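# The following comprises the amino acid sequence and a computationally predicted model.
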Number of protein chains: 2
Amino acid sequence: MRIAVIGTGNVGSALGRRWADAGHEIIFGSRDPASDKVQALLRSIGHNARVVSAGEAMAGADVIVLATAWSAVQPTLAAGGDLTGKIIIDATNPFLPGLILAVGHTTSAGEQVAAWALGARVVKAFNSTGAGNMADPVYAGVQPTMFICGDDASAKATVADLTGQIGFEPVDAGPLSLARVLEPLAALWVNLAYSQGMGPNIAFKLLQR
Amino acid sequence: MRIAVIGTGNVGSALGRRWADAGHEIIFGSRDPASDKVQALLRSIGHNARVVSAGEAMAGADVIVLATAWSAVQPTLAAGGDLTGKIIIDATNPFLPGLILAVGHTTSAGEQVAAWALGARVVKAFNSTGAGNMADPVYAGVQPTMFICGDDASAKATVADLTGQIGFEPVDAGPLSLARVLEPLAALWVNLAYSQGMGPNIAFKLLQR
């Protein structure tokens, strides 16, 4: 398969290298194909890879991987000409400084609760899995992860204890604004369980090595 | 610890039962404490649990767990009086029909890409983990999960193959609108790795049983 990887940063380099090793033809799209960095990347991959402009790369590809900064996506696509029928893998994320999503994500139920419950120490937790997992969270000896977030450290410590007491591994995801992230995690769980037909015996685990 | 669990549905029942078993004092808050269903729940828990109105339950509790429908949250909190200093665990999710988040989540980069790349078959993928995981995705023999979404089944099948070829377990999260969910998943990864200090050797796994 001919795969255009647009962007030669960490993500584009990693994906291009892995798919070149798997036997695919990789065409990197770069603003500066002749740069030392890009040429060094090609040499280190050693086979199945070349580099051209983003527009050229997209023109002949079966699959296009967007691995650029979010700000580069629109001009990149505009340079791609007719994209009808092409498979585009969008690996981008629209992060603003502070790791806030620039697109479509402005608040959360957790923050709204804090605005309504003045003075309370709100912790978002137990929203991102099913009740069946809360009743019995063991997956072949593995503890699922429960992500929690909040703005008060001692409240979070209490909730982490309560989480561990019923068999989850608590992981602190950060301040309450992370509810913008944990509520979509719940949407993922529900969609997988019920829209995608996987059923409720699924749970998230954060792997570490 | 005295824990007010507001809501006696699946989530409230499961959490209340587990924490009662762990030795905590559970005060369920219910709109209808005398109902057969609620009384049966208390009998099945058997110890450490009682039921009152939501307002009463919240008044005497160290920790308040919100486990109601989203539409009930604001009136519940309004009935709770002064909540200063109380720990509130927000286990709610503001879902609309179609499992769309009602609060703060209106679009995604993936959907924006599809609007810009007219006719292309956009698949969101490889956005929710780090480049180091793409280069080497093995966690003590366990394959991390790569969630993908898109509106074209054959494009998704191709991307799923490409995902598996470099060592991830692909999981189809649904239509492209699920990018509203997978982009926050990326925000979770980045926040854990860099804001919470866990570093980039973390990855999501969907457990199944």
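Thanks, I have it. Residues are numbered from 1 along each chain as shown, chains lettered A, B, ... in the order given.
# Quick check: which ranges of chain A have low pLDDT?
Applying pLDDT under 70 to chain A flags the ranges A:96-100.
# nearest residue to residue A:151 other than its sequence neighbours?
Of all residues not flanking residue A:151 in the chain, residue A:176 sits nearest, at 4.8 Å (CB to CB, 6 or more residues apart in numbering or on different chains). (Each C-beta comes from the backbone N, C-alpha and C, glycine too.)
# gap between residue A:30 and chain B?
16 Å (CB to the nearest CB, to the nearest Å).
# residues contacting residue A:111?
Residues near residue A:111 by CB atoms under 8 Å, 6 or more residues apart in numbering or on different chains: A:176-177, A:179-180.
# In helices, which of the residues you listed fall?
A:179-180 (DSSP state H).
# Strands of chain A, residue ranges please.
For chain A, the strands defined by DSSP state E occupy A:2-6, A:25-29, A:49-52, A:63-66, A:87-90, A:95-96, A:100-101, A:121-124, A:145-150, A:169-174, A:202-208.
# Can you add distance to residue B:62 and mean neighbour count and give those strands back as TSV?
Formatted as TSV, the strands of chain A follow (distance: least, CB to CB, whole Å; neighbours: other CB atoms under 10 Å in any protein chain shown):
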stretch	distance to residue B:62	mean neighbour count
strand A:2-6	53	26
strand A:25-29	57	25
strand A:49-52	59	18
strand A:63-66	48	28
strand A:87-90	45	28
strand A:95-96	37	14
strand A:100-101	32	19
strand A:121-124	11	30
strand A:145-150	15	27
strand A:169-174	18	21
strand A:202-208	27	21
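# coming back round to it: mind checking how far the residue nearest to residue A:151 is from residue A:108?
Going from residue A:176 to residue A:108 by CB to CB, to the nearest Å gives 8 Å.
# What of residue A:163?
19 Å.
# if we can go back for a sec, when you filter the contacts of residue A:111 down to buried only, what's left?
A:176-177, A:179-180 (16 or more other CB atoms under 10 Å in any protein chain shown).
# Which single one of those is nearest to residue B:17?
Of all the buried ones among the contacts of residue A:111, residue A:179 has the smallest distance to residue B:17: 25.2 Å, by CB to CB.
# I'd guessed that closest one sits against residue A:123; true?
No. In this structure, residue A:179 is not within contact of residue A:123 by CB atoms under 8 Å, at 9.6 Å.
# Are there residues contacting both of the two? Which ones?
A:149, B:90.
# a markdown table for the strands of chain A, including distance to residue B:78?
Shown next, in a markdown table, are these (distance: least, CB to CB, whole Å):
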| stretch | distance to residue B:78 |
| --- | --- |
| strand A:2-6 | 51 |
| strand A:25-29 | 55 |
| strand A:49-52 | 60 |
| strand A:63-66 | 46 |
| strand A:87-90 | 42 |
| strand A:95-96 | 33 |
| strand A:100-101 | 29 |
| strand A:121-124 | 15 |
| strand A:145-150 | 21 |
| strand A:169-174 | 28 |
| strand A:202-208 | 33 |
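# closest to residue B:101 out of the ones you listed?
With CB to CB as the measure, strand A:100-101 is the member of the strands of chain A nearest residue B:101 (12.4 Å).
# that older thread, how about the buried ones among the contacts of residue A:111 in JSON lines, adding distance to residue B:187?
Formatted as JSON lines, the buried ones among the contacts of residue A:111 follow (distance: CB to CB, whole Å):
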{"residue": "A:176", "distance to residue B:187": "14"}
{"residue": "A:177", "distance to residue B:187": "10"}
{"residue": "A:179", "distance to residue B:187": "11"}
{"residue": "A:180", "distance to residue B:187": "8"}
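# Out of those, which comes closest to residue A:158?
Ranked by distance to residue A:158 (CB to CB), those are led by residue A:176 at 15.0 Å.
# Check the contact between residue A:199 and residue A:193; I expect there is one.
Yes. The pair residue A:199 / residue A:193 is scored as a contact, 5.9 Å apart, by CB under 8 Å.
# Tell me how far residue A:67 lies from residue B:80.
The separation that residue A:67 has from residue B:80, given CB to CB, amounts to 48 Å.
# Actually, residue A:85.
Taking CB to CB, one finds residue A:85 at 56 Å from residue B:80.
# got the contact list for the residue most central in space within chain A?
For chain A, the residue nearest the mean C-alpha position is residue A:93 (7.4 Å; CA atoms, centre = their mean). The contact partners of residue A:93, taken as CB under 8 Å, 6+ apart, are A:70, A:101, B:109, B:127, B:183, B:186-187, B:190.
# Highest neighbour count among those?
residue B:183 (30 neighbours; other CB atoms under 10 Å in any protein chain shown).
# hang on, isn't it packed against residue A:91?
No. Here residue B:183 does not reach residue A:91: they are 10.8 Å apart, not a contact under CB under 8 Å.
# Contact partners for residue A:164?
For residue A:164, the contact set (CB under 8 Å, 6+ apart) comprises residue A:170.
# Who has more neighbours out of residue A:85 and residue B:80?
residue B:80 (24 against 11).
# And the helices in chain A?
Using DSSP H, helices in chain A cover A:10-21, A:36-45, A:54-59, A:73-78, A:109-116, A:131-135, A:153-165, A:179-190.
# Any figure for the gap between residue A:49 and chain B?
Using CB to the nearest CB, one gets 15 Å for the distance from residue A:49 to chain B.
# Who does that residue form a beta bridge with?
residue A:26 (DSSP bridges).
# and the two most separated of the contacts of residue A:93?
Pairwise over the contacts of residue A:93, using CB to CB, the maximum falls at B:109 and B:190, 14.2 Å.
# so what's residue A:89 closest to, chain neighbours aside?
residue A:65 (4.5 Å).
# residues in contact with residue A:18?
Per CB under 8 Å, 6+ apart, neighbours of residue A:18: B:134-135, B:165-167.
# Just the buried ones from the residues you listed?
B:134-135, B:165-167.
# Which ones among these also lie next to chain A?
B:134-135, B:165-167 (CB under 8 Å from any CB of the partner chain).
# Which two among these are spaced furthest apart?
B:135 and B:165, at 13.8 Å, using CB to CB across these.
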